[in-house]
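S.K.: sharing a model that was predicted from the sequence below.
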Amino acid sequence: MNHLLTHDERTFAERHRVAHLATAAADAAPHVVPICYALVADSFYFVVDEKPKRTRTDLKRLRNIAVNPQVALVIDDYDEDWTRLAYLLVQGRAACVEDRQEHTTVLAALRRRYSQYTVMQLAFDTHPMVRITPLRSHFWRAVPIGDRS
């Protein structure tokens, strides 16, 4: 384990429900989608679930990851009071989970976070799961004007 994420970064990620995943195709065209995720050990995971999609295995994000595994995740707080702004940017390497035990373990974590997943099959053979291994992270919080040195 590389323990790249700090305690504050892990706490921030675990407190949130949605991240934005940025991938890029071979031609570097960016693609960003919101994802539900679980942080297990030192990796972020998401599964292609049963929400309406044309196909589960031919999604743009999966095609992009297959040709360019470099990805970024952004988890953020927005508030009209800009002293409350914060975000976590994680740059990493994505790969489809190919181990059934890892899929089972992470699926249990995803189901604990998102009750909607408890009624979905989300089988290893039909619902791809992706692991994002962080390589770099950047955590930023606004500093209230009165707190600046």
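M.R.: Sure, I can see it.

S.K.: alpha carbons only for contacts and neighbour counts from here, please
M.R.: Fine.

S.K.: show me where this protein has its helices.
M.R.: Taking DSSP state H as the criterion, the chain carries its helices at 7-15, 60-67, 100-113.

S.K.: could those go into JSON lines alongside mean neighbour count?
M.R.: Formatted as JSON lines, the helices of the chain follow (neighbours: other C-alpha atoms under 10 Å):
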{"stretch": "helix 7-15", "mean neighbour count": "14"}
{"stretch": "helix 60-67", "mean neighbour count": "18"}
{"stretch": "helix 100-113", "mean neighbour count": "16"}
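
S.K.: looking at those helices, which is closest to residue 23?
M.R.: Evaluated over those, closeness to residue 23 peaks at helix 60-67, with 6.1 Å, by C-alpha to C-alpha.

S.K.: in terms of secondary structure, what does that closest one contact?
M.R.: When contacts are defined as 3 or more C-alpha pairs under 8 Å, 6 or more residues apart in numbering; DSSP states H and E, helix 60-67 packs onto strand 19-24, strand 86-96.

S.K.: and the top strand by length along the chain, what does it pack onto?
M.R.: As assigned by DSSP state E, the longest strand anywhere in the chain is strand 129-141. Packing contacts for strand 129-141, counted by 3+ C-alpha pairs under 8 Å, 6+ apart, involve strand 43-47, strand 86-96.

S.K.: recalculate using a threshold of 10 Å.
M.R.: helix 7-15, strand 38-40, strand 43-47, helix 60-67, strand 70-77, strand 86-96, helix 100-113 (3 or more C-alpha pairs under 10 Å, 6 or more residues apart in numbering; DSSP states H and E).
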